[in-house]
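Novice: coordinates only, sequence not included:
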């Protein structure tokens, strides 16, 4: 599976959009981009995933560049409860066992 | 309530003792996973299982053992051979087929004194 690069930390004002970038320049055609988040001392929570089209759900939007070498997770109106570590993961569709490889993630701090 | 449970939340053991961490799921998922997380780090895969009575080593299996006798249960034993066992341990489950999310338990924080 391709490696991802994320900034170690970001701040965001409450009520504003949080835009979390992820670089995955070695992504291959059969790899999906997944986002999870982990609130302190809890298990990670799935947010969203996509292949090449932009995706939106009730939690967030995922924007993937046309060359698929980078993506951005958007939390449209960040709240204090969105403070967490956000992990960007790429995973092949032939990945045996549906395994995920977690990097260091981005620690998002939402401030009042 | 469907979900994945881990117990206990906090566990203390003396050095040299084996300890078993519990993981149970009622989501009818075929696949289950164990991860280890150290402070400020991402998750690392210890073992995973796609079906009852079968499991595979992950990236850091040394010093750990697992069993999968029932679909619902995937206990992890941290043996005395694990050199640095103090960590946060997370269990997860998923459907095997497709690009499906993993559901995580609340974790067990193991401290070896």
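Specialist: Here it is on my side, so go on. Model, not experiment: these values are computed from the prediction. Numbering: from 1, shown residues only, chains lettered A, B, ... in the order given.
Novice: in the sheet, who's paired with residue B:103?
Specialist: residue B:93 (DSSP bridges).
Novice: show me the contacts for it.
Specialist: A:46, B:3-4, B:25, B:27, B:29, B:92-94 (C-beta atoms under 8 Å, 6 or more residues apart in numbering or on different chains). C-betas here are computed from N, CA, C, even on glycine.
Novice: Now the closest residue to chain B within chain A: closest residue in space, sequence neighbours ignored.
Specialist: The minimum distance from chain A to chain B, using C-beta to the nearest C-beta, falls at residue A:43 (3.0 Å). Of all residues not flanking residue A:43 in the chain, residue B:104 sits nearest, at 3.0 Å (C-beta to C-beta, 6 or more residues apart in numbering or on different chains).
Novice: got the contacts of residue B:103 as CSV, with neighbour count, distance to residue A:105 and pLDDT columns?
Specialist: Below are the contacts of residue B:103 laid out as CSV (neighbours: other C-beta atoms under 10 Å in any protein chain shown; distance: C-beta to C-beta, whole Å; pLDDT from 0 to 100):
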residue, neighbour count, distance to residue A:105, pLDDT
A:46, 17, 14, 93
B:3, 13, 23, 92
B:4, 23, 21, 95
B:25, 23, 24, 97
B:27, 14, 25, 94
B:29, 20, 24, 92
B:92, 26, 16, 94
B:93, 25, 21, 93
B:94, 25, 20, 90
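Novice: List, one by one, the residues from chain B near chain A.
Specialist: Residues of chain B lying close to chain A by C-beta under 8 Å from any C-beta of the partner chain are B:31, B:33, B:35, B:41-45, B:48, B:50, B:56, B:58, B:88, B:90, B:92, B:94-96, B:99-107, B:109.
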